[in-house]
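Trainee: fold the stuff below for me.
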Amino acid sequence: MSKKKKKSRAGKIFRTIVYLLLAIIVFVNLFILFTGRTYLYKGLKETYLRGKSGPGIYDSLVFPVRRAESQGNSESWPKAKELIALTEEEEKSLLDLKTTSFMVVRDSTIVHEKYWGKHTESTKSNSFSAAKSFIGLLCGIALDKGYIKSFEDPITDYLDFLEPKDSIVKIRHLLAMSSGLKWNESGSDPLSDNAEAYYGSDLRSIMKKVSFAGPPGKEFDYASGNSQLLGLILTSATKMELTDFLEKYLWRKINPQHDLLWSLDHENGMEKSFCCIYATSEDYARVGQLILNKGKWNGEQIISDSSLTLLMQPSGAESPYYGLHFWRYEHPEHPAIYARGILGQYIIVIPTLNSVIVRTGHERLDKFTQEDLKLQDQTFKLHHPKDLFVFYDIALRIINKVE
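Mentor: Now for the predicted structure:
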């Protein structure tokens with residue numbers, strides 16, 4: 001084949017590829033416009049066009065936020081004179097999961113603390129769904145303060161956009177993830193309800209379209225929309241923005257070192273109450289310590305022991321491994337209550353050891369299945385991500401070395 005013919009053929013192939021790409025772009029745009037999924041533009045801009053495949057732990061830089069200020073009430077935590085170091089194997093395990101920070105607190109003292117890469121003790125990291133446990137605490141505080149009369153209140157008492165038939169759904173059902181809410185829960189599907197809530201700009205409109213399959217209280221079905229509805233309930237009940245309520249009744253009370261940020265759907269808009277709190281590792285640990293302290297900080301009862309106990313107990317037969325917006329790990333010797341996010345964000349509270357573990361990072365492992373554990377007497381590990389046990393084992397070794 002002559003050079004001229006080869007050049008002509010190459011030109012045709014190039015034009016075909018260009019036309020194909022243009023056709024794909026036109027099709028995608030038509031799909032977005034006709035389906036009303038304009039949030040996909042934001043998602044594409046903040047992920048693939050930035051070389052990412054999904055949401056990241058530093059997304060406070062790309063979304064509007066509201067700030068809960070520490071207001072100079074910061075109080076440094078005591079650290080052990082000699083922090084317990086990781087073994088080479090432990091550090092490799094953490095780095096394999098792209099860990100950015102790992103902290104262990106024993107008896108109110110930091111006994112291990114390590115950061116990797118550009119992440120430092122003052123870096124604020126995305127909580128992702130660990131924020132759901134903050135919502136649980138805020139609901140408990142709202143109950144204590146009388147803003148919410150009871151967790152048995154119908155959600156229609158607080159949300160006037162719902163239909164009368166939705167009155168069978170109680171606040172407790174939202175907290176227990178057993179409301180029967182129709183919600184497509186996915187961290188990877190760009191067409192999911194989660195993606196629209198994360199990248200969209202009008203959470204109130206999104207939540208006004210939800211419906212319930214029911215009946216409530218029968219089946220555990222983890223759905224972030226439950227947490228977003230609780231955010232709307234708290235806003236309605238307290239007449240305060242979520243971040244302002246958190247700042248007044250929780251954040252300032254635990255003497256944080258830094259301000260907290262909470263992602264909004266748009267400038268001066270609503271908090272993404274299903275996720276997206278940004279705080280430092282040490283300040284996350286303070287929330288765990290508050291739970292260890294049975295709701296007290298420096299002698300002040302921030303959340304009542306009764307409300308805290310209610311949040312931590314199993315939500316019912318439908319989910320013994322979940323409380324009211326808190327996960328429960330029934331370790332045979334050292335059971336834990338914990339908050340977790342999709343990329344392996346953890347605040348783990350171990351009451352029997354008077355300890356708190358905080359981990360932040362970029363990756364999480366899948367959950368154990370019955371098949372994984374069928375030959376072992378370890379069914380207590382079901383429903384929990386495998387990386388939880390990596391962090392747990394490392395922390396237990398560190399805790400056991402504390403004199």
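Trainee: and Ser108, how close does it get to Gly341?
Mentor: From Ser108 across to Gly341, the span is 24 Å (Cβ to Cβ, to the nearest Å). Heads up, the C-betas are built off the backbone N, CA and C, glycines and all.
Trainee: check Leu230 too.
Mentor: Distance, Leu230 to Gly341, using Cβ to Cβ: 17 Å.
Trainee: can you check Lys79 too?
Mentor: 25 Å.
Trainee: between the two, tell me which one has more neighbours.
Mentor: Higher neighbour count among Lys79 and Gly341: Gly341, with 27 against 13, using other Cβ atoms under 10 Å.
Trainee: how about that one, phi and psi?
Mentor: Dihedral angles of Gly341 (phi, psi; degrees, to the nearest 10) stand at phi -120, psi 170.
Trainee: and for the one 5 residues further on?
Mentor: Here is the backbone geometry of Tyr346 (degrees, to the nearest 10): phi -140, psi 140.
Trainee: swap in the one 5 residues further on?
Mentor: The phi/psi pair for Pro351 (degrees, to the nearest 10) reads phi -60, psi -40.
Trainee: settle this for me: it is touching Leu292, isn't it.
Mentor: Yes: the pair Pro351 and Leu292 passes the contact test of Cβ atoms under 8 Å, sitting 6.4 Å apart.
Trainee: which of these two has more neighbours?
Mentor: Just comparing Pro351 and Leu292: by other Cβ under 10 Å the higher neighbour count belongs to Leu292, 19 against 14.
Trainee: quick one, what contacts that one?
Mentor: Val349, Pro351, Asn354, Ser355, Val356 (Cβ atoms under 8 Å, 6 or more residues apart in numbering).
Trainee: which residues in the stretch 51-200 of the chain form helices?
Mentor: 88-96, 131-145, 171-175, 193-199 (DSSP state H, counting those that start in this stretch).
Trainee: Glu271 is nearest to which of those helices?
Mentor: helix 131-145 (8.7 Å; Cβ to Cβ).
Trainee: ok, back up a step: lowest-confidence stretch among the helices of the stretch 51-200 of the chain?
Mentor: With a mean of 87, helix 193-199 has the lowest mean pLDDT of the helices of the stretch 51-200 of the chain.
Trainee: any idea how far the most centrally placed residue in the chain is from Arg286?
Mentor: Nearest residue to the geometric centre of the chain (Cα atoms, centre = their mean): Ser129, 1.4 Å. Ser129 sits 19 Å away from Arg286 when distances are taken as Cβ to Cβ.
Trainee: ok, Lys208 next?
Mentor: Distance of Lys208 to Arg286, computed by Cβ to Cβ: 35 Å.
Trainee: find the residue closest to Met166 in space, skipping its chain neighbours.
Mentor: Residue 166: Asp, not Met. Thr156 (5.5 Å; Cβ to Cβ, 6 or more residues apart in numbering).
Trainee: pretty sure the one you found is touching Lys165, no?
Mentor: No: between Thr156 and Lys165 there is no contact under Cβ under 8 Å: 9.0 Å.
Trainee: which of these two has more residues huddled nearby?
Mentor: Between Thr156 and Lys165, counted using other Cβ under 10 Å, Thr156 has the larger neighbour count: 17 against 11.
Trainee: any stretches of the stretch 51-200 of the chain with poor pLDDT?
Mentor: Low-confidence segments of the stretch 51-200 of the chain, defined by pLDDT under 70: 51-53, 186-188, 191.
Trainee: try 90
Mentor: Residue ranges of the stretch 51-200 of the chain with pLDDT under 90: 51-56, 59-62, 71-77, 184-200.
Trainee: ranges for the strands of it?
Mentor: Taking DSSP state E, counting those that start in this stretch as the test, the strands found in the stretch 51-200 of the chain are 65-68, 99-106, 109-115, 125-126.
Trainee: mind putting those in a markdown table, distance to Ala279 and mean neighbour count included?
Mentor: Shown next, in a markdown table, are the strands of the stretch 51-200 of the chain (distance: least, Cβ to Cβ, whole Å; neighbours: other Cβ atoms under 10 Å):
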| stretch | distance to Ala279 | mean neighbour count |
| --- | --- | --- |
| strand 65-68 | 9 | 20 |
| strand 99-106 | 11 | 25 |
| strand 109-115 | 14 | 19 |
| strand 125-126 | 7 | 26 |
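Trainee: export those to CSV and tack on distance to Thr369?
Mentor: Listed next are these as CSV, based on distance: least, Cβ to Cβ, whole Å:
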stretch, distance to Thr369
strand 65-68, 37
strand 99-106, 24
strand 109-115, 31
strand 125-126, 27
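Trainee: the ones you listed: which one's closest to Pro190?
Mentor: Short answer: strand 125-126, nearest of the strands of the stretch 51-200 of the chain by Cβ to Cβ, at 18.5 Å.
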